[in-house]
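Enquirer: build me a model from this:
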Amino acid sequence: MAASTEEVSYEFGNLLGVALLGALLTLVYTHTLILPPSVEEYA
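Expert: Numbering: from 1, shown residues only. All right, here's what the predicted structure looks like:
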């Protein structure tokens, strides 16, 4: 029982870490991306 609880908490921690890191990197990327003015014509 203890081993399965440890494994589930380990997997949940990995899932949470990947989700938070992905969200943070996406936020930084979108705020630092500089697009040329001609891109707005196609958006």
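Enquirer: which stretches of this structure form helices?
Expert: Using DSSP state H, the helices found in the chain span residues 2-32.
Enquirer: any stretches of it with poor pLDDT?
Expert: 42-43 (pLDDT under 70).
Enquirer: any figure for the gap between the residue nearest the centre of it and residue 4?
Expert: Centroid-nearest residue in the chain, with Cα atoms, centre = their mean: residue 22, separated by 1.2 Å. Here the criterion is Cβ to Cβ, to the nearest Å. By it, residue 22 lies 27 Å from residue 4. (Glycine included, C-beta is placed from N, CA and C.)
Enquirer: now swap in residue 30 and tell me
Expert: Taking Cβ to Cβ, one finds residue 30 at 39 Å from residue 4.
Enquirer: next: residue 23.
Expert: In terms of Cβ to Cβ, residue 23 sits 29 Å off from residue 4.
Enquirer: over to residue 16?
Expert: For residue 16, the distance to residue 4 - Cβ to Cβ - is 19 Å.
Enquirer: same thing with residue 15?
Expert: Taking Cβ to Cβ, one finds residue 15 at 16 Å from residue 4.
Enquirer: do residue 18 as well
Expert: Remark: distance between residue 18 and residue 4 (Cβ to Cβ) = 21 Å.
Enquirer: ok, now residue 20?
Expert: For residue 20, the distance to residue 4 - Cβ to Cβ - is 25 Å.
Enquirer: same question, residue 25
Expert: Residue 25 is 32 Å from residue 4, by Cβ to Cβ.
Enquirer: with residue 26 instead?
Expert: From residue 26 across to residue 4, the span is 33 Å (Cβ to Cβ).
Enquirer: got it, and residue 40?
Expert: Separation of residue 40 from residue 4 (Cβ to Cβ) stands at 53 Å.
Enquirer: OK, contacts around residue 5?
Expert: Taking Cβ atoms under 8 Å, 6 or more residues apart in numbering, we find residue 5 in contact with no residue.
Enquirer: where's it relative to residue 12, distance?
Expert: Distance of residue 5 to residue 12, given as Cβ to Cβ: 11 Å.
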